[in-house]
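Engineer: Can you look at this prediction? I've put the sequence above it.
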Amino acid sequence: MERVLLLNSSYEPISVIGAERAIRLLFLGKVMVVEESATTWHSISIAIRVPSIVRMVNYVKSLTGKRSVVKLTRKNIMLRDKYTCQYCSDKHAPAKLNIDHVIPRGQGGKSEWENLVTSCIKCNSKKDCKTPKQAGMTLRKMPKKPDFFVFTLHRKYSEVPESWLDYMYWNVELDT
C-alpha cells in the first residue's frame with residue numbers, strides 16, 4: 001500500500017495515511033496535493049496520480065490529542081544518533097556503545113536529551129570526565145530532543161521517501 005504524508009495547513013507533519021484515504025480526502029475537498037508520486041491509479045472513467053504529500057485545507061488543532069514525548073532511554077538515544085559515535089563517527093553494535101554526558105555530571109551536566117550522546121568505548125575512555133573541549137574532542141552533531149512524529153516515523157519505516165524530508169524537519173534550526 002502506498003503511504004502519503006499528511007500535513008496540517010501550517011505544513012506541520014501530522015500523520016502518515018494510506019493513498020486511498022488521501023484520495024478520498026482530496027475528493028471531499030479536505031486536502032490539497034502538495035506533491036504527487038510517480039504512480040497513477042486508473043478507474044473506468046478517470047486516471048489519478050497518487051499523492052505523496054497532502055496538506056489539510058483547514059488547520060486541525062489536534063488529530064491525536066496531546067502530542068506524545070519520546071522517552072529518554074538508552075535505546076532511543078542510540079536510535080536518534082543512528083548507533084554512531086558522536087565523536088569519531090564510527091558505527092557500532094549497541095553492546096559496543098556507551099551513553100556519554102557531554103557536560104559530565106561532576107561538572108553540573110544533567111541526564112537530558114540535549115546533554116546525552118552515543119559514544120564508542122574508545123572515545124568515551126578518552127573523554128573521561130571532561131567536556132569535549134577539555135578533552136580536545138569535537139561533537140559531530142549537537143544533541144537535541146527528537147520530534148515525536150519524526151522519531152516514530154523513522155522507527156516505523158526503514159525508508160522514508162525523499163520528498164517527505166523537506167516537511168519533516170520544519171521545526172529544526174537551520175544551519176548557518
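Structural biologist: Done, it's in.
Engineer: do you know how far residue 22 is from residue 30?
Structural biologist: Look at residue 22 and residue 30: by C-beta to C-beta, to the nearest Å, they are 10 Å apart. Placement of C-beta: from N, CA and C, glycine included.
Engineer: neighbour count winner among these two?
Structural biologist: Taking other C-beta atoms under 10 Å, residue 22 and residue 30 do not tie; residue 22 has more neighbours (24 against 14).
Engineer: Report the contact partners of that one.
Structural biologist: By C-beta atoms under 8 Å, 6 or more residues apart in numbering, residue 22 lies in contact with 4, 6, 31, 50-51, 54.
Engineer: Among the residues you listed, which ones are in helices?
Structural biologist: Per DSSP state H, helices hold no members of those.
Engineer: Which one of those residues is nearest to residue 142?
Structural biologist: Residue 142 lies nearest to residue 6 out of the contacts of residue 22, by C-beta to C-beta, at 29.6 Å.
Engineer: Could you count how many residues lie near that closest one?
Structural biologist: Other residues close to residue 6 by other C-beta under 10 Å number 22.
Engineer: from what I can see it touches residue 54, true?
Structural biologist: Yes - assessed by C-beta atoms under 8 Å, residue 6 is found in contact with residue 54 at 5.8 Å.
Engineer: Now the common contact residues for the two.
Structural biologist: Residues touching both residue 6 and residue 54 comprise 22, 31, with contact defined as C-beta under 8 Å, 6+ apart.
Engineer: how's the protein carved up into domains?
Structural biologist: The chain resolves into domains spanning 3-66+148-168, 74-127 when parsed by automatic domain parsing.
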